[in-house]
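Participant: mind looking at a prediction? Sequence and model below.
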Protein chains: 2
Amino acid sequence: MTHRVFNFNAGPATLPLPVLEEIKAEFIDYQGSGMSIIESSHRSPEYSAVHQETIALFHELLGISDDYKVMFMGGGASTQFFTVPMNLLHGGKKADYIRTGTWAKKAIKEAELFGDIHVAGNSENDEGKFNYCPNQSELDLRDGTTYLHFTSNNTIAGTQYHTFPKPVAGSFLVADMSSDMLWRKFDATDFGIIYAGAQKNLGPSGVTVVIMRKDVLDLCADGIPTMASYKTHFAKDSLFNTPPVFPIYAIGKVLKWLKGLGGLQAMEQINREKAGLIYGAIEGNPDFYRSPIKEDSRSMMNIVWRCPTEDLEKQFIAEAKANGMSGLKGHRSVGGCRASVYNAHPMEGVKALADFMNDFAKNNG
Amino acid sequence: MTHRVFNFNAGPATLPLPVLEEIKAEFIDYQGSGMSIIESSHRSPEYSAVHQETIALFHELLGISDDYKVMFMGGGASTQFFTVPMNLLHGGKKADYIRTGTWAKKAIKEAELFGDIHVAGNSENDEGKFNYCPNQSELDLRDGTTYLHFTSNNTIAGTQYHTFPKPVAGSFLVADMSSDMLWRKFDATDFGIIYAGAQKNLGPSGVTVVIMRKDVLDLCADGIPTMASYKTHFAKDSLFNTPPVFPIYAIGKVLKWLKGLGGLQAMEQINREKAGLIYGAIEGNPDFYRSPIKEDSRSMMNIVWRCPTEDLEKQFIAEAKANGMSGLKGHRSVGGCRASVYNAHPMEGVKALADFMNDFAKNNG
């Protein structure tokens, strides 16, 4: 019997136990090849099959056509913060950005190195906190932008876009979906680029998935560094140089697990049920817990709440840990509590947390 | 009993079996934490210990002082091809490059985007092949360069620097050591930056090790993208963003294994013995095998040879594979045969190959 804690870390995060077990079982001798998949050449039939199957599963699960290219790149989503504008904002081009938290701020900082950037929406309040995602009527979008960038889910703030913004005519969306990629199906029509670091909803850290609408490639700059150019990875199907084999292999396993669950429709239902249990525990104890987030912007992936005092928050986190629930401390920049309940977080973990929240409120309220 | 082939791939490459077994054994529950190391937060005590221990082992094995910083970056050594000049060649600075093969050519191409680049040595022959490493007297070094870049081991060509070039006064060496990092100890005094993709001598793919002399940091540009800036990774000890946890963790295991073997002195002796067996089989059958590489430049990591005809090379590779030895085909750009015998390649594999080479020459000569 494997000892497992309920891991509420924001990322790297919990992975499906059947995926870990499969990786372990075939770790030394991958499919009778006489070597581990991590020892296999990235040009071998074994790894090629993994690579192509993982790409195909992204298409299948998201329901996106061959008009989109799925790429794997290194350096984390933080590297995409500069890669996007380096490729797209050459020659005085402009882009709008929505400022909804720490990661959006970082993306804006990098974009300002390359182009004419305008903050089209900003949800920072007087206390420096971000507690909602601006809706379409709150956006001040410019005409003639190449793209509109937004963060679909804000891991630290605990907010999420439930209705995506709409770009102006002739522009497209670029989205950092690092912390909610594949939590549900969505209509990709308006999106030119979607990127996501793996270590939240997709798999272990070490690779970033970039999904690009093929016509966006024509807008990409020439004369930029080869490894920063989308054209390179696009043309070589993410095999220009050695890819991060293990993270991609592990993502492939996670996607197969997702497919086995019934795909993204089934996953969305489970995710809504899981988040509902925790928001239910917050709302069911209104004199004890408080959500700082506007109701229409509450994240289904990263659920944040406050206790009556910071001391009670510390006590909550410590007692939860003693009860087999780890990673519940809010990000140091915002404080409070946070439960990250990505796709792989099991329902039992969420039920255990909701029960614990109810008990803790009763005992300390 | 684990079925293992003798894996002569150029990278990703074979890893020590005890390392694979250790990873497998603790894969689901890392040190009683109740989760896999790949599910652990990169800020957790468990991962922090792995991160710091891996850094410390690089210092210890290489015998390099705290004047050097060991960093982990994403995107492969190919990303360093532009990161080095982007950081160091701002404001019209210049650098010399030695052109010894495919990877050196790629490094030169990226550097030309940023600074004044001069090819100070070039070993390409009339047939477009690179069969040696220019020695000091063959170099045409300029005064006033920031650095001299070279590739210490050329994976595709099968050549290696056994005596490192010497930079001009006031300059320092920058070396791509992707395919021979840690094959032996060396004097790092002249080196400002050493970088190496992991997937040859260090571990699985997905991380690049960058070792920087601390005074070089002061020469690095400001105002470049955050993730491309050495200053970022230096200041944050490679934890500015989520690092590629699994590859770093696996490298840590490989370094511990190396230390257990007796460190780099012991490793060098074993490597020389292994390479000696294969070069011995080439030289022992002079009417059949031929090394295209000048004797003083022969690689201890990637050993290349030709058979009398291309058909015999095909037959050699196929028969070797049938005898449990894989990955012996030379790179498509140069043809012939190649045995990559990195640190982790076992002595039995090399002995089996040398025996097979002798038999094959006898049977087909």
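Facilitator: Yep, that arrived. Numbers count the residues shown, from 1 in each chain, chains lettered A, B, ... in the order given.

Participant: just how off-centre is stretch A:256-272 within its chain?
Facilitator: 16 Å (CA atoms, centre = their mean, to the nearest Å).

Participant: then stretch A:17-32?
Facilitator: Centroid separation for stretch A:17-32 versus its chain: 25 Å, with CA atoms, centre = their mean.

Participant: repeat for stretch A:264-280
Facilitator: Counting by CA atoms, centre = their mean, stretch A:264-280 comes out at 16 Å from the chain centroid.

Participant: so what touches that stretch?
Facilitator: For stretch A:264-280, contacts defined as CB atoms under 8 Å, 6 or more residues apart in numbering or on different chains pick out A:61-63, A:182-185, A:258, A:261, A:291, A:298-301, A:303, A:339, A:341, A:343, A:345, A:347, A:350-351, A:353-354, A:357. Quick note: C-beta positions are derived from backbone N, CA and C, even for glycine.

Participant: again, only this time at 6 Å
Facilitator: Residues from elsewhere that reach stretch A:264-280 (CB atoms under 6 Å, 6 or more residues apart in numbering or on different chains): A:61, A:183-185, A:300, A:303, A:339, A:341, A:343, A:350, A:354.

Participant: which among those residues count as buried?
Facilitator: Buried residues within the contacts of stretch A:264-280, counting neighbours by 16 or more other CB atoms under 10 Å in any protein chain shown: A:61, A:183-184, A:300, A:303, A:339, A:341, A:343, A:350, A:354.

Participant: and chain A, which of its residues are near chain B?
Facilitator: Residues of chain A lying near chain B by CB under 6 Å from any CB of the partner chain: A:2-5, A:7, A:9, A:12, A:14-15, A:20, A:24, A:27-29, A:34-36, A:38-39, A:41, A:74-76, A:78-79, A:82, A:110, A:199, A:204-206, A:225, A:227, A:241-242, A:244-246.

Participant: just the buried ones from the residues you listed, in PyMOL syntax?
Facilitator: Buried subset of the residues of chain A next to chain B, written as a PyMOL selection, criterion 16+ other CB under 10 Å:
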select buried, chain A and resi 4+5+7+9+12+14+15+20+24+27+28+29+34+35+36+38+39+41+74+75+76+78+79+82+110+199+204+205+206+225+227+241+242+244+245+246
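
Participant: now, which of the residues of chain A next to chain B lie within helices?
Facilitator: With helices defined by DSSP state H, the entries of the residues of chain A next to chain B inside them are A:20, A:24, A:76, A:78-79, A:82, A:110, A:245-246.

Participant: in stretch A:99-106, what's buried?
Facilitator: Buried residues in stretch A:99-106 (16+ other CB under 10 Å): A:99-106.

Participant: repeat that for stretch A:326-339.
Facilitator: Those would be A:326-331, A:334, A:336-339, for stretch A:326-339 by 16+ other CB under 10 Å.

Participant: out of the residues you listed, which two sit at the greatest distance?
Facilitator: A:S326 and A:V334 (18.8 Å; CB to CB).

Participant: what's the burial count for A:L219?
Facilitator: 16 (other CB atoms under 10 Å in any protein chain shown).

Participant: spit out the contact partners of it.
Facilitator: A:L88.

Participant: please redo it, this time with the cut-off set to 10 Å
Facilitator: A:87-90, A:93, A:146-147, A:172, A:192, A:230 (CB atoms under 10 Å, 6 or more residues apart in numbering or on different chains).

Participant: which of these fall within strands?
Facilitator: A:147, A:172, A:192 (DSSP state E).

Participant: my read: the last one touches A:F172, true?
Facilitator: The one in question is A:G192. Yes - counting by CB atoms under 10 Å, A:G192 touches A:F172, with 3.3 Å between them.

Participant: identify the contacts common to the two.
Facilitator: By CB under 10 Å, 6+ apart, A:G192 and A:F172 have these common neighbours: A:88, A:146-148, A:213, A:215-216, A:219.

Participant: max pairwise distance over the residues you listed: which two?
Facilitator: A:L148 and A:D215 (16.4 Å).

Participant: ok, those two, which is more surrounded?
Facilitator: Shown here are A:L148 and A:D215; by other CB under 10 Å, A:L148 has more neighbours (27 against 10).

Participant: from B:I248, how far off is A:V174?
Facilitator: Taking CB to CB, to the nearest Å as the measure, A:V174 falls 29 Å from B:I248.

Participant: picking that back up, which of the ones in strands among the contacts of A:L219 tops the neighbour count?
Facilitator: Among the ones in strands among the contacts of A:L219, the one with the most neighbours (other CB under 10 Å) is A:Y147, at 27 neighbours.
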